[in-house]
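Colleague: Show me how the following folds:
(one chain, ligands or ions: 1)
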Amino acid sequence: MTDSPRRVTVLDLAAAKRRKAPITMVTAYDWPTGRLVDEAGVDCVLVGDSVAMVVAGRSSTIPATLEQMIYHGEIVGRAASRALVVVDLPFPLQHLGPRRAVAACARLMKETGCQAVKLEGTAGQADVIAAIAAAGIPVMGHVGLRPQAVHQLGGYRMQRDAEPLLADARAAADAGAFAVLLECIPAPLAGQITADLDVPTIGIGAGPDCDGQVLVFHDLVGLSLDRVPRFVRGYADAKSAIAAGLAGWRDDVRARRFPGPAETLA
Ligand code: KIV
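Modeller: Now for the predicted structure:
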């Protein structure tokens, strides 16, 4: 989207949509992943509540807490100096009314130093998005497959019901969201939503016609220990590289090749 050294802003994302310049976003959860994503020139870093799954090994994102999002958000907020850093509002704060949601988002902004928040929701959460935006907090909507609602949706599956999905995305944009994340939506429908909205769409499993793309860091670099969704393309094989490094060290210690003279202090 841009190679400028200054911090990416929500205005840059709006301008990227107008210029049809693809927006990039990757998740990060800690100092090394935050630094690596930022230094790669990715436009936005998402401190996703997927931390509960990919880092903590939970089976869904539901257990992520506000304190955990603040902990990880603060680290990534310091690690990333150029990307726009967005932190997820964890379940169920967007369902407890605008006052509690604004208070939680204010804590995310004050205590992490990040630049924006994201929340999963339907048109039913439009009032919450409006209250957060009115408080001066940049907020991204998240529609389609909403992992926090996985049990209600019957699993991690494509969302195909066009009318409610169009309404959810439009409601988020009309309420003041600066962008809307589209997860697991058929490509033609994601394209239709993207054309319908004035704000950028960022897709995951939503085809090529979104204004931007987001992937989970561990999926992108081949570090996920469990099966990855079909819409992921692995760009590295970090798991094999790490396993080879660990096995090499273990074998060297067992054969008394490590430490050698270079690693031995007099
Ligand atoms: O928490 C997360 O990682 C997400 C993904 C959809 C990118 O929201």
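
Colleague: From residue 117, how far out is the residue of the stretch 1-150 of the chain found nearest the ligand?
Modeller: Residue nearest to the ligand within the stretch 1-150 of the chain: residue 48 (2.4 Å; CB to the nearest ligand atom). (C-beta placed from N, C-alpha, C; glycine too.) Residue 48 is 12 Å from residue 117, where distance means CB to CB, to the nearest Å.

Colleague: repeat for residue 64
Modeller: 14 Å.

Colleague: does the residue of the stretch 1-150 of the chain closest to the ligand really touch residue 215, like I thought?
Modeller: No. Using CB atoms under 8 Å, residue 48 is not in contact with residue 215, being 10.4 Å away.

Colleague: which neighbours do those two share?
Modeller: residue 27 (CB atoms under 8 Å, 6 or more residues apart in numbering).

Colleague: Have a look at the two and say which one is more surrounded.
Modeller: residue 48 (29 against 23; other CB atoms under 10 Å).

Colleague: got a list of what that one touches?
Modeller: Applying CB under 8 Å, 6+ apart, the residues contacting residue 48 are 27, 29, 61, 88, 216.

Colleague: for those residues, which one is nearest residue 21?
Modeller: Taking CB to CB as the measure, residue 21 lies nearest residue 27 of these, at 21.3 Å.

Colleague: Dig out what the closest one forms beta bridges with.
Modeller: On the basis of DSSP bridges, residue 27 is bridged to residue 46.

Colleague: so how far is residue 19 from it?
Modeller: From residue 27 over to residue 19 (counting by CB to CB), the distance is 25 Å.

Colleague: neighbour count winner among the two?
Modeller: Neighbours were counted for residue 27 and for residue 19 using other CB under 10 Å; residue 27 has more, 28 against 10.

Colleague: where along the protein do the strands fall?
Modeller: 23-27, 44-47, 84-88, 116-120, 139-144, 179-183, 201-204, 212-215 (DSSP state E).

Colleague: Can you list the strands that the last one pairs with?
Modeller: Strands adjacent to strand 212-215 in the sheet, as given by DSSP bridges, are strand 23-27 (parallel), strand 201-204 (parallel).

Colleague: Tell me the pLDDT of the closest residue to residue 150 other than its chain neighbours.
Modeller: Closest residue to residue 150 apart from its sequence neighbours, by CB to CB, 6 or more residues apart in numbering: residue 60 at 5.5 Å. Note for residue 60: predicted pLDDT of 97.

Colleague: Domain-wise, how is the chain divided?
Modeller: 10-235, 237-266 (automatic domain parsing).

Colleague: Output these in JSON lines; the columns should cover distance to residue 1.
Modeller: Formatted as JSON lines, those follow (distance: least, CB to CB, whole Å):
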{"stretch": "domain 10-235", "distance to residue 1": "5"}
{"stretch": "domain 237-266", "distance to residue 1": "25"}
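
Colleague: hey, which of these is tucked in deepest?
Modeller: domain 10-235 (a mean of 20; mean count of other CB atoms under 10 Å).
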